[in-house]
Structures are given as structure tokens and as C-alpha cells.
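[1] A structural model of the following input is requested.
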Amino acid sequence: MHHVTDGERRARMAVRHALAPGARADSPEAATRAVVALHATEPATVHLSCWARVSSLTVADVDGALHRERLLVKQLAMRRTLFVFPREMLPGVWPSASARVAAAERARMAKDLVRAGLTDDGGAWLDRARAEILAVLADAPEGLAAIDVRRAVPMLDVKVEGSPGELWSAPRVLTLLGAAGDIVRGADAGRFPVSRPRWTLASHWLDGVPDLWSPGEGYRELVRRWLLRFGPGTEDDIVWWLGATKAIVRGALADLDAVAVSLDNGATGWLLPDDVGPVEDPGGWVALLPVLDPTVMGWRDRDFYLGPHREQLFERRGNAGTTAWADGRTVGTWVQDGAGAVRVHLLEPVPAPTRRALDEEAERLTAWLGGVRVGTGYVSPAMRAALDALG
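    Numbering: from 1, shown residues only. Sure, this is the predicted structure:
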């Protein structure tokens, strides 16, 4: 069995994820493909993940790819997470990862509606709501904000108790239709780093709905792209990332003729059959990545790049905060001070040239942000310590 060391895995990451200087992407679309999809739970993450991978990027470049050219589309998918996908992936994502999320969401919501006493048939209620929403949006090619959809569809003006302490209403129904591929987040009235999307029919936004692949074809393509960008990874890594079952992942690996390789931790990883050869070391590099960046969130087993810093860089719910990287390993975090300047907080000593490179990257990000402060709901212990140190 071919062996892939942790060092080679980090070299692959640097090149495949467009993080090393010589491997940078040339557009937001290329940066997105470099990591399969961008996390979009927080709107700023999309822009900052692109900034880390694209030279001479502007906020307008990212907004243009999302809202003018529509080459990138926000879509709820794996693990009920909002992502940004390259447009060409939607025919495979909708019937596979997104459909799985939509089915689970629909089942939960239908039970909630019955328990709340709003209907005896939660599925039928959701079907009526879907029909009314689609009819309203059919007459609004520019899309509508969630509040306007709720006003136009009175049955959505409800508050339903879900899990303990949770209430949901109209936006949850729109999210369900988004997961199902009926509607998408279209034009955005917000300005970086805020998002205020208008919901629109997928057929309006995309000038027609493409022919969908089979679920198996969709899962296979997602796994293929993950192996190309994140491989080698274990079966558990792929199951976690995809939010699917072992049977689905094993079927995709078999269809792709994936090759088993051994890893430094003793586990078995997988690579595409034409990608087993070594990757040349790209040399030294540093990066400042935002919360929930795809690189830090891409594997379940993260020891080969987190080292001893997992507990410091992830908040209690398992979400990654900001990270500072050197040569394929996390070495710290970054925050903004009261004036909006980016400050790097190290968790381990680094050579003086590396520290200088990180500080230069912080200066570059500070200039790019131009005084805009980026808030987050995912403050890691390391970020909290850095903020406390700043006073």
C-alpha cells in the first residue's frame, strides 16, 4: 500500500487549496473550486476565504460572481450547512446532499406543525405553503425578502416550537424550499459583511433549471471533488464532510476506483487512482483564514494540521474560529482590535521570518478590510484570549 506522510498531506493542502503563493487562484470561482465549496454560514466567510486564495481580489469581485454573473450560488447542503457552490455543481448537489437535508428538515417540520396543533397533516401543510410561495415568487422575478414573502403568504405568519427552546416561522419554510432546489438566495440588499438576500425561483435566477443527475451521480461527483482537493482522507472524514452514510461513501469510492493509502496515524486514506503520485513541496507559506473556512473544516481527523491546538481553535459546538497558518499547520488565531486592525495571536513559537510573514499578511488583510469590522458568532477560546489581551 502506498504511504502518504503528514508532510505530503500538508503540501497537497497548500497547492490544492490555493494557499501557497505559487498556487493562488485567479478568481472567486477558482477559489471555490479549490475547496469544492465555500462555507457561507456567516456571509463574511465567503469573501475572506476568497481573499486568502486570490491575489488582487475586491469585495465587488465576489459579489459579482454571486449576484451578477451568478457563477457561484448559495445552497444548503452537507450537514445542513449553507455553502457556496460553483453553479455547474447544482445538478448533482440538489438530488444528493441537498435532498438528504431537505427530507430530514421536512420530516421534522411536519411533526412540529402537528404537535403545535396547526394541522393534522404536516406534510400537506408544507405542500400548500410551497405552492403559495412558488406562486408569489413566480410573479416577482427580482425576488422578495423573507418578510415580504411572509406578508404575501398569510399562512406563513406562524411561530412553531421545534426542538426545546427553538421557535421557527416563515424563514424556516423558505430554507426548506431552498434545500429542495425550488428557490435560491438571489440578489442581496446587504453590503459586506452583512447579507440580506432576496429569495427567488431557481428557474428565474439560473435562467431555467438544469437537468438533474441521479443521487448516486451527485454523491460520486462530490466525493470525487473532495478526494481531488482534500485527499487523502479516511472514510470517516468523507462521511462526516458529506453528511451521508458509510454505504453512500463506500459506493462512491468503489465507482471512482479510489485507491487505499496508508497514513502516518495508522489509518487508511483514499485517493483518486490517477492522483497517487507525490506532490512537490511548495515551500514556506502563511495564511489567515476566517471562521469556518473549508480548509480547517474539511476533515474529521484534523491532527495532522491542528497539532495540539484543537481545543483552542474550535468553540464548544465544534465550529472553527479564525486560524493563522504556517506551512500547513495551524499556529494561532487572528482578531481585530478596536480600530479594525488585524492582530495575529500565536499559540506556539514560530521562527522570526514566519512571524514577519504573518504580520505582513495581517497588514494586508487590515488594508483590504478598510476599517470594516467583521463580527462572528463563532468565537474560539484562542480568539477570546486574543481579544482579552488587546483589552
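
[2] quick one: residues contacting T200.
    137, 140-144, 183-184, 186-187 (CB atoms under 8 Å, 6 or more residues apart in numbering). All C-beta spots, glycine's among them, are computed from the backbone N, C-alpha and C.

[3] give me the helices and strands touching the lengthiest strand in the chain, please.
    In the chain, ranked by residue count with DSSP state E as the criterion, the top strand is strand 329-336. If contacts are counted by 3 or more CB pairs under 8 Å, 6 or more residues apart in numbering; DSSP states H and E, strand 329-336 sits against helix 303-306, helix 310-313, strand 323-326, strand 342-346, helix 352-369, helix 381-390.

[4] so which of the ones you listed is the most surrounded?
    strand 323-326 (a mean of 25; mean count of other CB atoms under 10 Å).

[5] correct me if wrong: R229 contacts A37.
    No - R229 is beyond contact range of A37, at 9.9 Å (criterion: CB atoms under 8 Å).

[6] so the two - more neighbours on which side?
    A37 (26 against 22; other CB atoms under 10 Å).

[7] who's in contact with that one?
    Here A37 is in contact with 77, 83-86, 89, 294 (CB under 8 Å, 6+ apart).

[8] which of those sits closest to V209?
    For those, the closest approach to V209 (CB to CB) belongs to M89, at 14.2 Å.

[9] so that closest one sits against E221, correct?
    Yes - here M89 reaches E221: they are 7.3 Å apart, a contact under CB under 8 Å.

[10] between the two, point out the one with more neighbours.
    Higher neighbour count among M89 and E221: M89, with 23 against 20, using other CB under 10 Å.

[11] for the more buried one, give me its contacts.
    37, 221-222, 225.

[12] pick out the most distant pair among those.
    A37 and E221 (11.9 Å).

[13] quick revisit: could I get the helices and strands packed on strand 329-336 in JSON lines, plus columns for distance to G123 and mean pLDDT?
    Below are the helices and strands packed on strand 329-336 laid out as JSON lines (distance: least, CB to CB, whole Å; pLDDT from 0 to 100):
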{"stretch": "helix 303-306", "distance to G123": "43", "mean pLDDT": "97"}
{"stretch": "helix 310-313", "distance to G123": "41", "mean pLDDT": "98"}
{"stretch": "strand 323-326", "distance to G123": "42", "mean pLDDT": "98"}
{"stretch": "strand 342-346", "distance to G123": "49", "mean pLDDT": "98"}
{"stretch": "helix 352-369", "distance to G123": "46", "mean pLDDT": "98"}
{"stretch": "helix 381-390", "distance to G123": "42", "mean pLDDT": "97"}
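
[14] tell me the predicted confidence for P278.
    As predicted, P278 sits at a pLDDT of 89.

[15] quick check: it vs F230, distance?
    17 Å (CB to CB, to the nearest Å).

[16] swap in V335?
    27 Å.

[17] distance to P349 for the contacts of M89 - can I get that in TSV?
    Formatted as TSV, the contacts of M89 follow (distance: CB to CB, whole Å):
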residue	distance to P349
A37	35
E221	43
L222	39
R225	37
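
[18] of the residues you listed, which is the nearest to V374?
    A37 (20.5 Å).

[19] which residues touch T81?
    Counted by CB under 8 Å, 6+ apart, T81 has contacts 39, 41, 243.

[20] by neighbours, which of these wins?
    H39 (23 neighbours).

[21] correct me, but it touches G298?
    No - taking contacts as CB under 8 Å, H39 lies outside contact range of G298: 9.9 Å.

[22] chain neighbours aside, what residue packs nearest to T245?
    The shortest distance from T245 to any non-neighbouring residue, by CB to CB, 6 or more residues apart in numbering, is to V239 (7.1 Å).

[23] any idea of the pLDDT on the one you found?
    98.

[24] ok, back up a step: any chance of a markdown table for the helices and strands packed on strand 329-336, columns distance to L19?
    Formatted as a markdown table, the helices and strands packed on strand 329-336 follow (distance: least, CB to CB, whole Å):
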| stretch | distance to L19 |
| --- | --- |
| helix 303-306 | 11 |
| helix 310-313 | 17 |
| strand 323-326 | 7 |
| strand 342-346 | 16 |
| helix 352-369 | 11 |
| helix 381-390 | 20 |
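
[25] quick one: closest of these to A107.
    helix 310-313 (33.1 Å).

[26] so what touches that closest one?
    By CB under 8 Å, 6+ apart, helix 310-313 touches 296, 302-303, 306, 320-321, 323, 330, 333, 347, 380-382, 385.

[27] do that again at 6 Å, thanks
    With CB atoms under 6 Å, 6 or more residues apart in numbering as the test, helix 310-313 has contacts from 321, 323, 330, 347, 380-382.

[28] check stretch 243-256 too.
    For stretch 243-256, using CB under 6 Å, 6+ apart, the contacting residues are 78-79, 219-220, 223-224, 235, 238-239, 270.

[29] where's the residue sitting furthest away from the middle of the chain, which helix or strand?
    Computed with CA atoms, centre = their mean, the residue of the chain farthest from its C-alpha average is D120, at 36.5 Å. Of the helices and strands defined by DSSP states H and E, none includes D120.

[30] likewise D207?
    Going by DSSP H and E, D207 is not in any helix or strand.

[31] from the chain's centroid, how far away is stretch 66-74?
    Computed by CA atoms, centre = their mean, to the nearest Å, the chain-centroid distance of stretch 66-74 equals 15 Å.
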